[in-house]
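1. Give me a model of this one.
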Amino acid sequence: MTDFSLRGMGVALVTPFKEDKTIDFDALARLLDFHINSGTNFLVILGTTAETATLTPTEQNEVVRYVVANVKGKLPIVVGMGGNNTKALVETINSFNFEGVHSILSVTPFYSKPTQEGLFQHFKVISEASPVPIILYNVPSRTGVNMCAKTTLRIAQSCSNVIGIKEAHPDISQVKEIIEGAPDGFSVLSGDDPMTIHLIQAGGKGVISVLGNAFPKEFSAIVTSALKGDTEKAQEAYQQVGRCCELLFVDGNPAGVKYALYLMGYLKNELRLPLVPVTKETEMALKQELNKCL
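-> All right, here's what the predicted structure looks like:
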């Protein structure tokens, strides 16, 4: 695989399930072919959108090995690997097979609400343990803690194998502070599809996307236009898919994007509890919007 620049549109890939809730590897193969041929720049597997919390360690390993074997180096692969038990996460890293994996995406520890010093020490230890580059992930709406810009920059400056952050804090001023203070080679990516163009305008390098699961070609073109500085073209193109993007999150993620992919014929509309499919109302709205967009 050629050198991977953390830039463009990465997709936070869903995990398809069969009606009996086992992993649907045939559907996963269809999705991988879809992204290889549709402008996706890199894949993120075992993230939040993948329902990773409901996958057993054996299933997680099976997904990684299957994706690596089927992508065959055509797209860089990032694996979600985070937790709120630092010692256990280090043990997972030490025992993990990283063959074919470019980097890991590691979310801030959730639920326990560590201090900024705790966040720094956590990622310092993860950095020392990881044999591959690390992308930080800050998503306070899910984890209950915000990693402030100073802490992100402290990690970036102290840990040479931390190459970027997926930033999902809604305050663009925090994003700008990270971008302005980041060391060379450190990429800031959007963790929220609707803010992607604004983040790129501020100096960001792209997005790790949910929308890209269903609209890789369209969203990749939007990101490319924004990165070239053609903000007007990017915004005009986003208007075509913006309403659909809103609908994907009405009943939570990945319920919305899984239903969209179901309508497109890629997978079954199956999730694992505690997540459930979208409501009938959302189904109708998504059907109407997809008919306009596709």
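2. Show the pLDDT at residue 3.
-> Residue 3 carries a pLDDT value of 60.
3. Check the one 10 residues further on too.
-> As summarised for this prediction, residue 13 has a pLDDT of 98.
4. May I ask which helix or strand encompasses the nearest residue to residue 185 once chain neighbours are set aside?
-> Once flanking residues are discounted, residue 185 sits nearest to residue 163: 6.6 Å by CB to CB, 6 or more residues apart in numbering. To be clear about C-beta, it is placed using only N, CA and C from the backbone, and glycine gets the same treatment. Applying DSSP states H and E as the criterion places residue 163 in strand 162-167.
5. What strands flank that strand, and is each parallel or antiparallel?
-> Sheet pairing of strand 162-167 (DSSP bridges) gives strand 134-138 (parallel), strand 187-190 (parallel).
6. Rebuild the ones you listed as CSV, extending it with distance to residue 258 and mean pLDDT.
-> Listed next are the strands paired with strand 162-167 as CSV, based on distance: least, CB to CB, whole Å; pLDDT from 0 to 100:
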stretch, distance to residue 258, mean pLDDT
strand 134-138, 21, 98
strand 187-190, 21, 98
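7. Could you export those as TSV, including mean neighbour count and distance to residue 41?
-> Below are the strands paired with strand 162-167 laid out as TSV (neighbours: other CB atoms under 10 Å; distance: least, CB to CB, whole Å):
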stretch	mean neighbour count	distance to residue 41
strand 134-138	25	13
strand 187-190	24	11
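8. Can I get those in JSON lines including distance to residue 152?
-> Shown next, in JSON lines, are the strands paired with strand 162-167 (distance: least, CB to CB, whole Å):
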{"stretch": "strand 134-138", "distance to residue 152": "6"}
{"stretch": "strand 187-190", "distance to residue 152": "9"}
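9. quick one, what contacts residue 81?
-> By CB atoms under 8 Å, 6 or more residues apart in numbering, the residues touching residue 81 are 46, 89, 92, 93, 96, 104, 105, 106.
10. can you check residue 235 too?
-> Counted by CB under 8 Å, 6+ apart, residue 235 has contacts residue 197.
11. again, only using 10 Å
-> With contact taken as CB atoms under 10 Å, 6 or more residues apart in numbering, residue 235 is in contact with 197, 198, 201, 222, 225, 226, 242.
12. Now for the last one, how many residues are close by?
-> Spelled out, that is residue 242. For residue 242, the tally of surrounding residues (other CB atoms under 10 Å) stands at 17.
13. 786 is where my numbering starts, stick with that
-> All right, first residue 786 from here; so that's residue 1027.
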